[in-house]
Structures are given as structure tokens and as C-alpha cells.
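Participant: Generate coordinates for the sequence data below:
(chains A and B)
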Amino acid sequence: AQSVAQPEDQVNVAEGNPLTVKCTYSVSGNPYLFWYVQYPNRGLQFLLKYITGDNLVKGSYGFEAEFNKSQTSFHLKKPSALVSDSALYFCAVRDKDSSASKIIFGSGTRLSIRP
Amino acid sequence: DGGITQSPKYLFRKEGQNVTLSCEQNLNHDAMYWYRQDPGQGLRLIYYSQIVNDFQKGDIAEGYSVSREKKESFPLTVTSAQKNPTAFYLCASTSGLAGGEQFFGPGTRLTVL
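Facilitator: Numbers count the residues shown, from 1 in each chain, chains lettered A, B, ... in the order given. Here you go, the predicted model:
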């Protein structure tokens, strides 16, 4: 069975500081991994994904994520946070080796950037 | 512009009434999904469809029904059997290609009065 864990309900960071939003996953095969962002009363927006290849993936708005197979993690990072990065962030996983097309989402982490 | 549209944005329903939420996509995607999001919680899968005229129950299908008569449309009906329907409903689609990400609509907020 697939699962995703986002261990922090909320992350607070000062503007200009680096940020990390944590995600760990469990799949029986190899994973496809995704990060999405949600602003209030809006749908989710795709940020980036890991399919294969380079473990460091770069995405929208200066975000990046590092795939670590041994730690089964896919943490979202940004070198310098902006107040406008404040939002709800979701990690998601799909089992690459399964014929099912469902994506499993984590419970979300609220990122708050203080000026 | 290509994308997913959901209507209406806000919907109010009296207890005991059925209501249908619209979801349309012009991305030519095969697979479509309905999720429910409650305050402070993640997304829970209600129903999904990988192809026209076929759909499967997700994790919380009770009290909901769907149809997939056309590739671009995947309406969700919230029936009176759904005991706590007040929530934010999100529709999504994906191409079905390996590693394809989901594209989301703007959501419909349903409130039961």
C-alpha cells in the first residue's frame, strides 16, 4: 500500500531564510513524487515532480526538492523564503510499478513566512 | 486556455436535497478525479475515472455518485445520503502518461444549510 507522511502541520520561517517542508513516503515499487501548493480557497497548483534521474528536482517559484531513496524522503526546499510563499503544501506519491493511476496525498503542511 | 473548470464556485443546499457539482476539462485527459477537502485536512479521494463510461470508488464514496459519459466531463452528485457534505470539493485530471501530474480545478465550496 502507498502512503505519504508530512510530519509537520506548520512550518514558520522568517523572510529571506531557507525553508524546508518535509515529506516521507512508502510504496512497494519505485515512486513518482510530486509537490503541490494551495492558496486559500483555490485548487492545487503543481510545483515539481520526481520521475527518474537526477535526485535534485527544480520547480516553479524557485522551489526544489531532493529525492532520497534510502531515507524514502522528498523534502521541499527553497534557499530564500518570500512572504508570498505562505500557503498550504502537499506532497503526493504514485507507485511507478502499479497499473493503478491513483495519487496519494499527504495531509499538508502550512508554511508561514513572517516579514 | 486549456484547463479544468468547476461550477459553481459556491453552492448552498438544504438538508435532504441532492446537488450536482460540475467538472469540465479541455486538456484531452483520460483520467479524472474528485476529492473532498475539509478544513485543516488533506485531500480524500471520492471517485475516479480512468476512461469514459468507467469509474471506481475512492476512499469515501458513500453518499456520492458520478458519471463519465464524455471524456471532458465528470460531474459529481452529492446525495442526501451523505451525512456531512459541507466541504471544499476539488476536481482533477491527468493524462494517464507515466509520471503525469494532476491538474486541479478551482474547487466548489458546498455548504449545507
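Participant: Backbone dihedrals for the residue of chain B found nearest chain A, both of them.
Facilitator: When scored by C-beta to the nearest C-beta, chain B has B:Phe104 as its residue closest to chain A, at 3.6 Å. Every C-beta, even on glycine, is put in place using the N, C-alpha and C of the backbone. The phi and psi values for B:Phe104, taken as degrees, to the nearest 10, are phi -110, psi 150.
Participant: That one: how many residues sit nearby?
Facilitator: 23 (other C-beta atoms under 10 Å in any protein chain shown).
Participant: Show me what it is bridged to.
Facilitator: Here B:Phe104 sits in beta bridges with B:Ala92, going by DSSP bridges.
Participant: Any residues of chain B in contact with chain A? List them.
Facilitator: B:4, B:6, B:31, B:35, B:41-43, B:45, B:48, B:50, B:58, B:88, B:90, B:92, B:94, B:96, B:98-99, B:101-107, B:109 (C-beta under 8 Å from any C-beta of the partner chain).
Participant: Okay, and which of these map to strands?
Facilitator: Mapping the residues of chain B next to chain A onto strands (DSSP state E) picks out B:4, B:6, B:31, B:35, B:43, B:45, B:48, B:50, B:88, B:90, B:92, B:94, B:103-104, B:109.
Participant: Give me the neighbour count for residue 72.
Facilitator: Looking at chain A here, since you left the chain open. Neighbours of A:Thr72 using other C-beta under 10 Å come to 16.
Participant: My question was about chain B, not that one.
Facilitator: When counting by other C-beta under 10 Å, one arrives at 16 neighbours for B:Glu72.
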